[in-house]
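Colleague: show me the folded form of this:
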Amino acid sequence: MTENVEPAQDLAMLLELYQDEIAATWAKKAHNQPGSRYGQVPLVELKPSAARGLVAFINSLKTGSPLALEAYLREVSLDRLASGFEISEVLEALLLLREAAIPIVWRTYSSEPTKALDVSTQLDTGLRYMAARLATLYAKGIEQRLQEQQQQTRLLLETSESLQRVTSALLQKVVTLEEVLELVCAESQRLTGATGSAVLLVEDEGWLRVTSSSGTPSPVLDRMAISESFAGMVVAQGKPLLLNDLESRVQAYYRSPHLKTLLSIPLWADETIIGALDIVNKPGGFNKEDIRIMSLFADQAAIAITNAQLHERAEQLAVVEERQRLARELHDSVTQALYSVNLYAEAARMALSAGKAEIAADNLQELRNMAREAMLDMRMLIFELHPPALEEEGLASALQARLEAVEARSGLQSEFHIKGEMRLPLSIEEELYRIAQEALTNAVKHARAQKVIVRLYADHDHFCLEVQDDGRGFDPVAAEQSGGLGLRSIEERVQRINGEMTIDSGPGEGTTLRVEVKPNG
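Modeller: Here you go, the predicted model:
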């Protein structure tokens, strides 16, 4: 407020003398305004407000200080604004104080018209001042409300965008648990403006493991007892925990002397709490809106975390199953080879004992062939157990290494052609590598091929793998019905990457396997 109210002792004395009567009349007139929201406010509620306003006005007239009047006008503007009143309604109700007071002025000074006119002028001046201040406060209140609405809209938009990012991560075919956890921590800080965050997941009975954290301060311990941590309280009680004053309780729970404020949200997945999301050290502290926003975020985060965990376990099981299959094949191959070698060695010994050198030579040749075939089988299986690191070297390098390590050493002539460049998601490259591996194994072991050609084509969003051999060939329809030659395994892998497979083959015509993929399709 930049100016004082002009002191008016005569008006002040008059209003104070008839204070109750004027306040009651003022409240009634406001209540009876046609079409106004004041008519919806009970008269018993309007009278105390009118009385406070009149007292504040009288005080300002007596002292010339606007403080009491300013406080009243601020109270009225905030209350009426929150109740949805238009500024015109509030100003009209304020000016009704004149209609309530002016009859008393003229009645009191009926024998002194000049005095009555002077007091009336003082009343008008004071009311104009009040109306101007109320309009200013009301405008500021509207501006503040718009700013708050804009802030709320911004927060809702940011929340929506963060939920969308987490949901997008959830819907992606391959997202590692580490990537999901990093995303959750980063978005938690961005949404709240906090300096640090951490995801703690339930591990064993009664323990939490800090699986990811970002910013500062970071958790001092990697593993915490549920009974001795704030996150543990959240997991045990199943509801958020907000603490903006942690000075006295830090050592007992989080064990970080730099922790000032904390918001911990439970991570619910299928009606089970899998852990807690901690967000720490927000400047100015956390509030109820943070709880609401982060609870929505935590629900999506828990689903994404659970999905990534399931995917990780499925991959681990797939690796175990693959290794078990290879181990069985290696065992069966070695056992069969050693058995055959033993038979031919015994046959050669008996032939030599009988003086049949020619038969012994044939048996030794078969023994040599069996040993070479066993070596080839073991080389292929061992290479499958220890394939190149696709993530580091890429599909092309892995296939080149396979051709050099297996096919070339088996005496098979091989060619490798690449056209265009494209790094595919690791999951797709792994499946394509296994498909090529299966096709090459078929060419070596079953087709008795002399030459094999591997081609990789990349063009924008289109990728093609082709494996061609000059072997014995086969009937694709009959092979598909019998499920032989590893076709069923290849088909399953092609389906997993949403690819398309074609096989061109016939007895004595060789085989061409082609797999096409559109990673962004």
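Colleague: now the strands for the stretch 301-450 of the chain?
Modeller: Secondary structure of the stretch 301-450 of the chain, counting by DSSP state E, counting those that start in this stretch: strands at 413-419.
Colleague: all strands for the chain, in order.
Modeller: Assigned by DSSP state E, the chain shows strands spanning 196-202, 207-215, 223-225, 241-243, 262-269, 272-280, 413-419, 451-459, 462-469, 500-505, 511-517.
Colleague: and Ile435, which of those strands is closest to it?
Modeller: Taking CB to CB, strand 511-517 is the member of those nearest to Ile435, at 5.8 Å. Backbone N, C-alpha and C define where each C-beta goes, glycine included.
Colleague: chain center to the closest one, what's the gap?
Modeller: 37 Å (CA atoms, centre = their mean, to the nearest Å).
Colleague: and the gap between Leu399 and Arg448?
Modeller: As judged by CB to CB, to the nearest Å, Leu399 and Arg448 stand 21 Å apart.
Colleague: and those two? Which one has more around it.
Modeller: A direct count of neighbours by other CB atoms under 10 Å for Leu399 and Arg448 places Leu399 higher, at 25 against 12.
Colleague: surely the more buried one and Phe416 touch.
Modeller: Yes: at 6.8 Å, Leu399 and Phe416 qualify as touching, with contact defined as CB atoms under 8 Å.
Colleague: what do these two both touch?
Modeller: Val454 (CB atoms under 8 Å, 6 or more residues apart in numbering).
Colleague: Leu241 against Met233, yeah?
Modeller: Yes: counting by CB under 8 Å, Leu241 touches Met233, with 5.9 Å between them.
Colleague: okay, and the common contacts of the two?
Modeller: Listed as contacting both Leu241 and Met233 by CB under 8 Å, 6+ apart are Ser264.
Colleague: any idea how far stretch 78-97 is from the chain center?
Modeller: 45 Å.
Colleague: which residue, other than its chain neighbours, is closest to Leu91?
Modeller: Ala131 (5.5 Å; CB to CB, 6 or more residues apart in numbering).
Colleague: show me the contacts for that neighbour.
Modeller: If you count contacts by CB under 8 Å, 6+ apart, Ala131 has them with 91, 94-95.
Colleague: again, but for Asp278
Modeller: Shown in contact with Asp278 (CB under 8 Å, 6+ apart): 197-200, 219, 230-231, 262-264.
Colleague: which residues touch Gln413?
Modeller: Applying CB under 8 Å, 6+ apart, we find Gln413 in contact with 450-452.
Colleague: please parse this structure into its domains.
Modeller: What automatic domain parsing lists as the domains of the chain is 9-147, 177-310, 390-521.
Colleague: just the ones you listed: most buried one?
Modeller: Highest mean neighbour count of the domains of the chain: domain 177-310, a mean of 18 (counted as mean count of other CB atoms under 10 Å).
Colleague: so how far does that domain reach from one end to the other?
Modeller: 9 Å (CA to CA, to the nearest Å).
Colleague: how far is it from where the chain is centred?
Modeller: Computed by CA atoms, centre = their mean, the chain-centroid distance of domain 177-310 equals 14 Å.
Colleague: what ranges do the helices span in the protein?
Modeller: If DSSP state H is used as the criterion, the helices of the chain fall at 9-17, 19-31, 43-63, 67-82, 87-108, 113-171, 177-192, 230-237, 288-353, 357-385, 390-402, 426-445, 476-482, 487-496.
Colleague: contacts for stretch 454-465?
Modeller: With contacts defined as CB under 8 Å, 6+ apart, stretch 454-465 is touched by 395-396, 399, 403, 414-422, 424, 432, 435-436, 440, 466-468, 514-521.
Colleague: if we use 6 Å, what do you get?
Modeller: Residues outside stretch 454-465 that contact it (CB atoms under 6 Å, 6 or more residues apart in numbering): 396, 399, 416-422, 432, 466-467, 515-518, 520.
Colleague: what average pLDDT does it get?
Modeller: Averaged across stretch 454-465, pLDDT comes to 88.
Colleague: stretch 349-369 now?
Modeller: Stretch 349-369 comes out at a mean pLDDT of 77.
Colleague: and that stretch, which residues are buried?
Modeller: Across stretch 349-369, burial judged by 16 or more other CB atoms under 10 Å covers 351, 360, 363-364, 366-367.
Colleague: which residues of the stretch 1-150 of the chain score low on pLDDT?
Modeller: Residue ranges of the stretch 1-150 of the chain with pLDDT under 70: 1-8, 149.
Colleague: ok, the stretch 201-350 of the chain next?
Modeller: Filtered on pLDDT under 70, the stretch 201-350 of the chain yields the residue ranges 247-256, 314-339, 341-342.
Colleague: the stretch 401-521 of the chain too?
Modeller: 406-410, 481-486, 520-521.
Colleague: same thing but at 50, please
Modeller: Residues of the stretch 401-521 of the chain meeting the criterion pLDDT under 50: none.
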